[in-house]
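Visitor: Predicted model and sequence below, questions to follow.
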Amino acid sequence: MREVSIIGSTGSIGRAALDVIRLHKDRFRVLALACGHMSPIIVEQVKEFAPEFAAVDDEQGAKDLKELFPDLIVRSGKEGVASLGEMGDIVLLSVVGLCGLESALRAARAGKRLAIATKEVLVAGGELLKREIKKHNAELIPVDSEHSAIFQCLMGNPRESVRRLLITASGGPFRGKDKAFLDKVTPEEALAHPVWKMGKKISVDSATMMNKGLEVIEASRLYDIPGEKIEVLIHPQSIVHSLVEYQDGAQLAQLSLPDMRLAIQFALTYPERIVSPVPPLDLSAAGKLEFFPPDTENFPCLGLAYEALQKGGVFPAVLSGANETAVARFLKGELSFPGIARFVEEKLAGAPCIEEPTLEDILEADRFGRE
């Protein structure tokens, strides 16, 4: 029986993780749940899974939750949420933004298995986090379907035998559209992903291709592979989740139905493979599998991510912070869809160069990007 803390339990990844745990209550126990705001979702989760601890970033929300569950130990604020990173055997981090970095660092320093779905933490603070993981003999297991696929395809093979990584992308809702069309895109259209059901921020990132750019940086951080050996491949069916090509020309791929629960379960059970809530893939019914090069001209966010990775230092943190602000402004109607890339490009152009950033440097770069 392994105890699990879920930081970001009310989001799509957190809810999917609880689906997995619901199927395997003989293997996993929910020790702690954390969320940003009080909601009916966290109330139902506490009722069903009976954790010992909970944390709500909003202090009033924490008080309200405590009133409903007097025996529950409830913590509040950023410190309260971050403290859950030290609890349990496995910490699943699925919050949006760099706010999850402190939780990740605490999990690393406590020697936990960190199952991470928060892109911004790996993008902005990945090098710092990896040092702490190594120092304290912790584990870092990716939850993104693409990085879970790469993780599985690399198992048992030396890194020096890798020729390149191929990260697949659905292409989002605007694949094949030109600039004239993209100039008029609305938030509602950008949120309508054709394959995946995700939160608002990641849905817009998928539409701009920034999501794939962040994943390129993540892959470089996770697997110590330089950016020039990481490529993006548009695959609308989202059946092939990513590939690893080796020096002999062999390409290994991981295929499954597009369902995050499979990657989440593998992060929890690794190295075991057990029965999953995801139906098996029937290739004969899947039909045609298509692959295309990305359109970097109409979707420049992908190129900006490569630029930030190549510059290194604080630039990925600036990219992450700027993109988060630009997406929020777009969703409020304050910025056009192409304006997201322009905002990020301007921030990268004006960012200071700090090659080996400290935690304070990373947080300041993120703040600069958000201004």
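Guide: Perfect, I can see it now.

Visitor: Using the three-state scheme, assign the residue of the chain most remote from its centre.
Guide: Distance from the C-alpha centroid of the chain, by C-alpha atoms, centre = their mean, peaks at residue 70 (33.2 Å). What DSSP: H, G, I helix; E, B strand; the rest coil gives for residue 70 is coil.

Visitor: How much space separates it from residue 29?
Guide: 21 Å (C-beta to C-beta, to the nearest Å). All C-beta spots, glycine's among them, are computed from the backbone N, C-alpha and C.

Visitor: Residue 206 and residue 193 touch, don't they?
Guide: Yes. With contact defined as C-beta atoms under 8 Å, residue 206 counts as touching residue 193 (5.8 Å).

Visitor: Looking at these two, which is more packed in?
Guide: residue 206 (24 against 17; other C-beta atoms under 10 Å).

Visitor: Quick check: the closest residue to that one other than its chain neighbours vs residue 249, distance?
Guide: Spatial nearest neighbour of residue 206, excluding adjacent residues (C-beta to C-beta, 6 or more residues apart in numbering): residue 172 at 4.5 Å. From residue 172 over to residue 249 the distance is 30 Å, taken as C-beta to C-beta.

Visitor: Between these two, which is the more surrounded one?
Guide: Counting neighbours by other C-beta under 10 Å for residue 172 and for residue 249 shows that residue 172 has the greater number, 25 against 7.

Visitor: Please list all residues in contact with residue 137.
Guide: residue 111 (C-beta atoms under 8 Å, 6 or more residues apart in numbering).

Visitor: One more: residue 339?
Guide: Counted by C-beta under 8 Å, 6+ apart, residue 339 has contacts 326, 329-330.

Visitor: And what about it, helix, strand or coil?
Guide: Classified using three-state DSSP, residue 339 is helix.

Visitor: what does residue 244 give?
Guide: Relying on three-state DSSP, one would call residue 244 strand.

Visitor: what residues are up against the nearest residue to it once chain neighbours are set aside?
Guide: Distance criterion C-beta to C-beta, 6+ apart; nearest residue to residue 244, sequence neighbours excluded, is residue 153 at 4.1 Å. The contact partners of residue 153, by C-beta under 8 Å, 6+ apart, come to 242-244, 252-254.

Visitor: and if you look at residue 1?
Guide: Contacts of residue 1 by C-beta under 8 Å, 6+ apart are 26-29.

Visitor: Buried members of those into ChimeraX, please.
Guide: Only the buried entries of those go into this ChimeraX selection, using 16 or more other C-beta atoms under 10 Å:
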select :28,29
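
Visitor: in what helix or strand does residue 344 lie?
Guide: helix 337-350 (DSSP states H and E).

Visitor: list the buried ones in stretch 228-238?
Guide: Buried residues in stretch 228-238 (16+ other C-beta under 10 Å): 230, 232-236, 238.

Visitor: How far off centre is it?
Guide: Taking the mean of its C-alpha atoms, stretch 228-238 sits 17 Å from the chain's own mean (C-alpha atoms, centre = their mean, to the nearest Å).

Visitor: got the contact list for it?
Guide: 162-171, 175, 194-196, 209, 212, 216, 219-220, 243, 258, 286-294, 302.

Visitor: try it again with 6 Å
Guide: Residues outside stretch 228-238 that contact it (C-beta atoms under 6 Å, 6 or more residues apart in numbering) are 164-171, 195, 212, 216, 219, 258, 289-292, 294.

Visitor: same question, stretch 239-254
Guide: Contacts for stretch 239-254 (C-beta under 6 Å, 6+ apart): 145-146, 149-150, 152-154, 161, 163-168, 255, 286, 289.

Visitor: Doesn't the residue nearest to residue 244 lie inside a helix?
Guide: Yes. Residue 153: assigned to a helix according to three-state DSSP.

Visitor: Surely residue 148 and residue 263 touch.
Guide: Yes. With contact defined as C-beta atoms under 6 Å, residue 148 and residue 263 form a contacting pair (3.7 Å).

Visitor: and for these two, which residues touch both?
Guide: With C-beta under 6 Å, 6+ apart, residue 148 and residue 263 have no common neighbours.

Visitor: What number of residues are in the vicinity of residue 246?
Guide: For residue 246, using other C-beta under 10 Å, the count is 16.

Visitor: where in this protein is pLDDT low?
Guide: For the chain, applying pLDDT under 70 flags no range at all.

Visitor: So what's the gap between whichever strand or helix holds residue 147 and the chain middle?
Guide: If you go by DSSP H and E, residue 147 is part of helix 145-154. For helix 145-154, the separation from the chain centroid amounts to 13 Å (computed by C-alpha atoms, centre = their mean).

Visitor: Show residues contacting whatever helix or strand comes next after it.
Guide: Next helix or strand after helix 145-154 toward the C-terminus (DSSP H and E): strand 162-169. Residues from elsewhere that reach strand 162-169 (C-beta under 6 Å, 6+ apart): 146, 150, 212, 215, 219, 225, 229-235, 240, 242-247.

Visitor: run the last query once more with 8 Å
Guide: 146, 150, 154, 206, 209, 211-212, 215-216, 219, 223, 225, 229-235, 238, 240-247, 249, 251, 291, 294.

Visitor: What segments of the stretch 101-250 of the chain are helices?
Guide: 101-109, 119-135, 145-154, 179-182, 187-190, 200-208, 210-223 (DSSP state H, counting those that start in this stretch).
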